[in-house]
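S.K.: Turn this into a model:
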Amino acid sequence: MRLQFILSEIGIGLRRNLSMTISVILVTFVSLTFVGAAILTQGQIQKFKGEWYDKVEITAFLCPRDSSVPTCADGEATEEQIQEIKAVLESPEVAPEIREVMFESKEDAWVTFEKNFKDRWWFSEMSVDDMNASFRIKLTDPQQYEVINEVLTGRTGVEQVRDQREVYEPLFNVLNKATLIASGLAGVMLLAAVLLITTTIRLSALSRRRETGIMRLVGASNLFIQLPFMLEGAIAATIGAVLAVLGLWVAVKYLIEGWLESSMDWIPLISTSDVLLLAPLLIAVAFLLAAISSIVTLSRYTKV
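M.R.: Have a look, this model is predicted:
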């Protein structure tokens, strides 16, 4: 009997404030979509870093025959200089930071260069002697680039030390800024959702003030009186959360898996399974919004 009464009160409240209920659903949907987008973007950044940072190399380019760099004043790197650099990389101070070292001769570099650029009009003007020999170094911790940079930069025979992370960092910066923007918009929209749910519950409580007064006189508990109002907000917020999950799922399914993945299969991308893992969190946030709004509103507007 009590359950039937509570369900009846919920139905009455939703019908009386239909436009506000729809507004709550839409605002919750938009805000949680931004929240989900921010979380998924950050997840994509971590996938990128997990895949690429593990493959990142530091390349120490040795002096070619003609270079204006001061460390190459004596001309092309000699065999003695190459052995000295190799000894530094194998030293007890540096070796623990290094996972693998590969030496690429000028001839090896030419093979790669020829494969990639033989169709260019200027290729005929190049030769093996224009190539740089190099050490390609993989680190145990890609964040420790400065350790290798300090011991090789400025050393005779080394023209340049380059960290491949420099290629990826601009992309990560863009994605991080996108995450911040999405998070900011999500915060504003979540605040709007709380205020709107609060207003909806308040209007519903005021419109049924006579009924709640009668319930109070016959001895109904606070929880029994307030529960229909709480559930109204929770239902509207949950519908908004479900719509947000559905929207994110569709976006990932058709934009990421259906479009980007076919043309960018060389990088790891988020998938619909990530959205499904995120779904409980978004629904929990929706319940939290409804709970905060209910606590703020009902203690005042259900008094008689």
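
S.K.: Please parse this protein into its domains.
M.R.: Split into domains by automatic domain parsing, the chain comes to 2-52+169-301, 58-163.

S.K.: For stretch 285-295, which residues meet the burial criterion?
M.R.: Under the neighbour-count criterion of 16 or more other C-beta atoms under 10 Å, stretch 285-295 has V285, A286, L289, A290, I292, S293, S294 buried. In this view, the C-beta of every residue, glycine as well, is placed from N, C-alpha and C.

S.K.: coming back round to it: from the domains of the chain, pick the one with the highest average neighbour count.
M.R.: Ranked by mean neighbour count, those are led by domain 2-52+169-301 with a mean of 17 (mean count of other C-beta atoms under 10 Å).

S.K.: so the residue most central in space within the chain is in which element?
M.R.: Compute the mean C-alpha point of the chain, and by C-alpha atoms, centre = their mean the closest residue is Q42, 1.0 Å away. Assigned by DSSP states H and E, Q42 belongs to helix 18-52.

S.K.: Strands of the stretch 51-200 of the chain, start to end?
M.R.: 58-62, 98-104, 134-139, 158-163 (DSSP state E, counting those that start in this stretch).

S.K.: Serialize the ones you listed to CSV and add fields for distance to A241.
M.R.: Converted to CSV, these look like this (distance: least, C-beta to C-beta, whole Å):
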stretch, distance to A241
strand 58-62, 45
strand 98-104, 44
strand 134-139, 42
strand 158-163, 42
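
S.K.: which stretch among those comes nearest V69?
M.R.: Proximity to V69, assessed across the strands of the stretch 51-200 of the chain by C-beta to C-beta, is greatest for strand 158-163 (5.0 Å).

S.K.: Tell me which other helices or strands the closest one touches.
M.R.: strand 58-62, helix 145-152 (3 or more C-beta pairs under 8 Å, 6 or more residues apart in numbering; DSSP states H and E).

S.K.: circling back to that earlier point, okay, the strands of the stretch 51-200 of the chain in CSV with distance to R120 and mean pLDDT next?
M.R.: Shown next, in CSV, are the strands of the stretch 51-200 of the chain (distance: least, C-beta to C-beta, whole Å; pLDDT from 0 to 100):
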stretch, distance to R120, mean pLDDT
strand 58-62, 21, 88
strand 98-104, 21, 87
strand 134-139, 21, 87
strand 158-163, 22, 86
